[in-house]
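A.B. asks: Fold the following, please.
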Amino acid sequence: MNKKSDIKDPKYVNRYYVTEVDSFEDSIYCHHAIIGESFITEHAHNKDQFLYTEGGVVFLKTAEKSYFLPARHYIWIPAGIRHSIHPSTPDVVMRNLYFPKYDTDQEFYKKINIYHVDDLLNELIMFTNRWNGNIFPVEEPKYSLAKAFKLLLPEISQHELPLALPYPNNQKLKDIVTFLESRIEENVSFKTLSQKFNISERTLARLFQKELNMSFIQYYTILRMLTALKLLLDEKLSVNEVALKVGYSSLPTFSNTFNKVIGVRPSEYVKQKQLLI
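C.D. replies: Residues are numbered from 1 along each chain as shown. Prediction:
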């Protein structure tokens, strides 16, 4: 039920669809399509966006962060946030719902975040596959059903996942991050990093907190887990091989860390990925 073949007469994304989304202020806009491009250029909407993808991973970039959207997850993008979309392949399927603002909107809808898609939400997403284009308030019960989809999200998605890394502005920290990315297999220690870049551990800790609003351990753990996700999706590697490639010699430790950050164990994630192929 989750495969690309479910999309009736799939069309490649028309670059002008970004203008169609905001054509009618009070409509809910639904768009299911194969991306068909190497990236979708930076843009923003006057409506909130629900984005779920299949068939590959997607990087979504804003002015402040790079978000990693893996299989079986969705990203909520509040209105007005400029972003670009970078799929791992043009064959990635995007399932979008764009919602107008409502007086009853909760705090949930004001923040860009990534959430796990459980079986219930997955069924609801597939139900929306029958819709395409604008849904107007006079179109009942379709409009109420689409609106209910939005209203259910805060109840279903209570735990956001830290699948994003901020961009450093400080040049030394940029060099440090580049070094960490290039040595992801080595499990670089904080002390080693401090010595290599000739900066005290105390100053380095402050630099991470000031520039990235997170500790070194938080940043490094997320970096390793995002790399692990990409390897699990793009490479034909076992979970144990992936653990070694991101610097974990202990499979249980890797599995527990992956579960804490991503919300599922790597073995379960691989099974979910296979269901979506």
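A.B. asks: Can you pull the poorly scored residue ranges out of the chain?
C.D. replies: The model of the chain has pLDDT under 70 over residues 1-18, 234-235, 272-277.
A.B. asks: how about the helix ranked longest in it: buried residues?
C.D. replies: The residue-count maximum for a helix in the chain (DSSP state H) belongs to helix 216-234. Within helix 216-234, the residues that qualify as buried are 216, 219-232, counting by 16 or more other Cβ atoms under 10 Å. (Glycine included, C-beta is placed from N, CA and C.)
A.B. asks: Check the offset of that helix from the chain's centre.
C.D. replies: 13 Å (Cα atoms, centre = their mean, to the nearest Å).
A.B. asks: what's that helix packed up against?
C.D. replies: When contacts are defined as 3 or more Cβ pairs under 8 Å, 6 or more residues apart in numbering; DSSP states H and E, helix 216-234 packs onto strand 65-69, strand 164-166, helix 171-182, helix 190-196, helix 201-212, helix 239-245, helix 251-262, helix 266-275.
A.B. asks: Point out the one among those that comes closest to K150.
C.D. replies: strand 65-69 (18.8 Å; Cβ to Cβ).
A.B. asks: Next SSE downstream of the closest one?
C.D. replies: strand 73-77 (DSSP states H and E).
A.B. asks: Run through who's touching that following strand.
C.D. replies: 45, 48-52, 60, 67, 69, 83, 108-109, 111-117, 121, 125, 153, 157, 161, 163 (Cβ atoms under 8 Å, 6 or more residues apart in numbering).
A.B. asks: Please apply the same query to stretch 19-28.
C.D. replies: 29, 31, 45-47, 97-100, 133-137, 143, 146-147, 150.
A.B. asks: Now do the end-to-end distance for it.
C.D. replies: 14 Å (Cα to Cα, to the nearest Å).
A.B. asks: again, but for stretch 56-74
C.D. replies: Stretch 56-74 end-to-end distance (Cα to Cα) = 13 Å.
A.B. asks: how far out from the middle of the chain is that stretch?
C.D. replies: That offset, for stretch 56-74, works out to 3 Å (Cα atoms, centre = their mean).
A.B. asks: before we move on, back to that, hmm, which of the contacts of stretch 19-28 are the buried ones?
C.D. replies: Here, 16+ other Cβ under 10 Å leaves 29, 31, 45, 47, 97-100, 134-135, 143, 146-147, 150 buried among the contacts of stretch 19-28.
A.B. asks: May I ask which two of those residues are separated the most?
C.D. replies: H45 and Y143 (18.6 Å).
A.B. asks: about what we covered before: output the helices and strands packed on helix 216-234 in CSV; the columns should cover mean neighbour count and distance to S38.
C.D. replies: Shown next, in CSV, are the helices and strands packed on helix 216-234 (neighbours: other Cβ atoms under 10 Å; distance: least, Cβ to Cβ, whole Å):
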stretch, mean neighbour count, distance to S38
strand 65-69, 19, 16
strand 164-166, 18, 21
helix 171-182, 14, 22
helix 190-196, 14, 34
helix 201-212, 15, 28
helix 239-245, 17, 26
helix 251-262, 17, 26
helix 266-275, 16, 22
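A.B. asks: Kindly reformat those as a markdown table containing distance to F39.
C.D. replies: Shown next, in a markdown table, are the helices and strands packed on helix 216-234 (distance: least, Cβ to Cβ, whole Å):
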| stretch | distance to F39 |
| --- | --- |
| strand 65-69 | 13 |
| strand 164-166 | 18 |
| helix 171-182 | 20 |
| helix 190-196 | 32 |
| helix 201-212 | 25 |
| helix 239-245 | 26 |
| helix 251-262 | 24 |
| helix 266-275 | 22 |
